[in-house]
Structures are given as C-alpha cells and as structure tokens.
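Chemist: Fold the following and give me the result.
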Amino acid sequence: MVVGGAAAAQVAPIDWLWMLILGVALFGMEVAKNAWGDVYDYDSGTDLAVAPEDRTDFSGGKRVLVDQLLTRGQTWAMSCGFGGVGIALGTLIVFARAPEVFPLGMVGLALGWSYHGPPLRLAYRGLGELDVLLCYGPLLALATYAIQTHRFDLDVVWLSLPLGIFTAAFLLVNEFPDHAADVTADKRNLVVRLGKQKASRLLALTYLAGFALVAALPLLGFSPWVLLGLLPLPLAARAVWFVWSEPETFHRQRPAQPLALLVFAGYAVAVGLGTLLGPR
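Modeler: Got it, this is the predicted structure:
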C-alpha cells in the first residue's frame with residue numbers, strides 16, 4: 001500500500017477514506033488467511049512437529065491450535081468473520097469506487113486461499129514463495145494504485161517487484177527452522193526441496209536479484225531518489241551471512257528473521273519516500 005500509494009500520489013491527491021477502507025479490508029483478509037492457514041498446517045502435522053528448540057516468533061505457525069489458545073471452531077469462526085469483513089469491503093471498493101480492481105481482487109483471493117488451502121496447496125508444492133512474491137508485491141501495489149487513480153501503470157510493477165522479492169525472501173528465511181517438521185508433513189517448500197545448504201545460496205541470489213532490480217530503476221526512467229530503496233541492503237547482507245554460515249541453527253542465536261522482516265518493511269518505506277521526493 002505504501003508503494004502503490006506513493007506512486008498514486010504523483011498522479012492525484014490521495015483519497016484517504018478509500019485508503020483506510022482498503023487497509024481494513026486487507027487487514028481482515030490477512031487475519032483470515034492466518035487463521036485458516038493455522039488449521040491446515042495443524043491438520044497436516046507440520047506445526048505439531050516443530051521441536052521446542054526450533055520455535056521462533058517468526059516461524060512454526062501461529063500455534064493457536066497447538067497451544068490450545070483457540071479451538072478449531074473458534075479459529076474457523078475468526079477466519080470466516082474477518083474474511084467476511086475483507087470481502088464485504090472489497091465488494092464495496094469494486095462497486096462504489098474502482099470496478100477495474102475486480103480481477104486483481106479475485107486473483108488475490110484465489111492466491112491467498114491457495115497458499116494453504118485445497119486443491120492447490122501451493123505452500124506444500126514449492127510454489128508458496130512465488131505466491132507471496134506476487135501477492136505482497138505487484139498485486140497489492142497495483143490494486144492500491146488503481147483504487148486511487150482508476151488505472152494501472154507498469155511503473156508500479158517495477159517499484160513493487162523488489163518488495164515482493166524481499167517478502168518472499170523473508171518467507172524463505174522462516175522456512176529454515178521448520179525444515180524438519182515440514183519434511184515430516186511433506187510440506188515441500190523450497191527449503192525442503194533444495195535442502196538447507198542450497199536454500200541458503202538461493203536466499204543470497206534472491207536478495208541479489210531484488211537489489212539489482214532496485215539499482216536498475218533509474219535506467220528505467222525513475223528518479224535517482226528511488227535508490228533510497230537500497231538502504232536495507234546491509235540488513236539483507238547480514239541476514240544472508242547468518243543463514244549462509246549457519247543454515248542448520250542460525251535461528252537459535254542469530255537475528256536473521258527480524259533482519260529479513262526489516263528489509264522488506266524498510267524497502268517499502270524507503271522507495272515510497274524516494275517516489276514522493278523524485279517523481280518520474
């Protein structure tokens with residue numbers, strides 16, 4: 001939303017009411033996705049199989065069922081309730097503000113469900129990372145931009161693609177602590193498919209690709225101010241070093257996971273600011 005909103009602000013004044021409505025809708029869908037994801041990961045056994053020493057604040061599921069904080073019925077009720085709010089507000093956006101975002105909304109809903117849910121279960125087939133890259137990068141940024149401007153722009157894709165890449169990298173880092181549990185549950189994400197050593201190299205390549213794209217943005221006609229998006233590079237390098245040097249146990253003593261979170265959050269803020277300071 002920050003990236004798409006910053007790009008939209010260069011075209012027209014931001015309508016903050018619709019930005020708020022979108023934010024609440026996305027919050028509702030995010031809660032719903034986490035709730036139904038917890039049910040499916042509990043049913044598959046992956047959350048149950050995470051060893052105590054491998055539990056972190058960033059991986060191992062939300063554990064509301066494992067730790068009996070909620071019942072299965074309560075978790076599904078939360079998913080349906082918050083999902084209903086998200087869908088209702090999304091419908092309001094389509095009919096009252098921007099009908100052109102309907103296809104993006106449907107794609108987002110399908111990808112959000114399919115990360116855990118049947119029949120695709122993308123997170124269990126090595127495609128969850130791509131799902132996250134698309135949803136948390138171009139798809140949400142384009143939707144934010146279109147709701148404000150009533151049109152789409154390829155520039156928004158270029159600005160938000162690194163964000164999607166960095167968010168997928170965060171997911172990749174979080175898959176390392178869950179490796180043994182995911183193998184047991186046949187959750188064949190990229191870390192399971194590649195093994196931890198090769199996946200640590202993939203993480204480095206993922207960040208390299210993301211920051212190379214950021215560095216290339218001025219060559220695509222963007223203001224040099226968007227190079228503020230390179231500011232999180234040292235954080236990414238530190239996270240990569242932790243994972244590369246200790247792929248089996250980094251999560252037990254190294255803050256690679258919070259660093260990876262700060263990379264994608266920092267990029268969104270930095271490139272959003274750069275977009276505002278130096279319009280194309």
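
Chemist: Mind checking what secondary structure Val50 has?
Modeler: At Val50, secondary structure determined by DSSP: H, G, I helix; E, B strand; the rest coil is coil.

Chemist: Next up, the contacts around it.
Modeler: Listed by Cβ atoms under 8 Å, 6 or more residues apart in numbering, the contact partners of Val50 are 59-61, 177-178, 180-181. Placement of C-beta: from N, CA and C, glycine included.

Chemist: And Ala185, by the same measure?
Modeler: Neighbouring residues of Ala185 by Cβ under 8 Å, 6+ apart: 41, 44-46, 49.

Chemist: Torsion angles phi and psi at it?
Modeler: Here the main-chain torsion angles of Ala185 (degrees, to the nearest 10) amount to phi -90, psi 0.

Chemist: what does Leu70 give?
Modeler: As for Leu70, its main-chain torsions (degrees, to the nearest 10) stand at phi -140, psi 150.

Chemist: hang on, the earlier thing: give me the buried subset of the contacts of Ala185.
Modeler: With neighbours counted by 16 or more other Cβ atoms under 10 Å, the contacts of Ala185 contain buried members at 41, 44, 46, 49.

Chemist: Quick one: distance of the lengthiest helix in the chain to the chain centre.
Modeler: Of all the segments assigned as helix in the chain under DSSP state H, the longest by residue count is helix 16-44. With Cα atoms, centre = their mean, to the nearest Å as the basis, helix 16-44 stands 12 Å off its chain's centre.

Chemist: Please apply the same query to stretch 117-125.
Modeler: Computed by Cα atoms, centre = their mean, the chain-centroid distance of stretch 117-125 equals 17 Å.

Chemist: Count the neighbours of the spatially closest residue to Val66 that is not a sequence neighbour for me.
Modeler: In space, Val66 comes closest to Asp47 once its chain neighbours are excluded; the distance is 5.1 Å by Cβ to Cβ, 6 or more residues apart in numbering. Residues lying near Asp47 (other Cβ atoms under 10 Å) number 25.

Chemist: that older thread, possible to save the contacts of Val50 as JSON lines with distance to Arg188 and neighbour count?
Modeler: Written out in JSON lines, the entries for the contacts of Val50 read as follows (distance: Cβ to Cβ, whole Å; neighbours: other Cβ atoms under 10 Å):
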{"residue": "Ser59", "distance to Arg188": "17", "neighbour count": "19"}
{"residue": "Gly60", "distance to Arg188": "18", "neighbour count": "22"}
{"residue": "Gly61", "distance to Arg188": "17", "neighbour count": "21"}
{"residue": "Pro177", "distance to Arg188": "17", "neighbour count": "26"}
{"residue": "Asp178", "distance to Arg188": "12", "neighbour count": "27"}
{"residue": "Ala180", "distance to Arg188": "14", "neighbour count": "14"}
{"residue": "Ala181", "distance to Arg188": "13", "neighbour count": "24"}
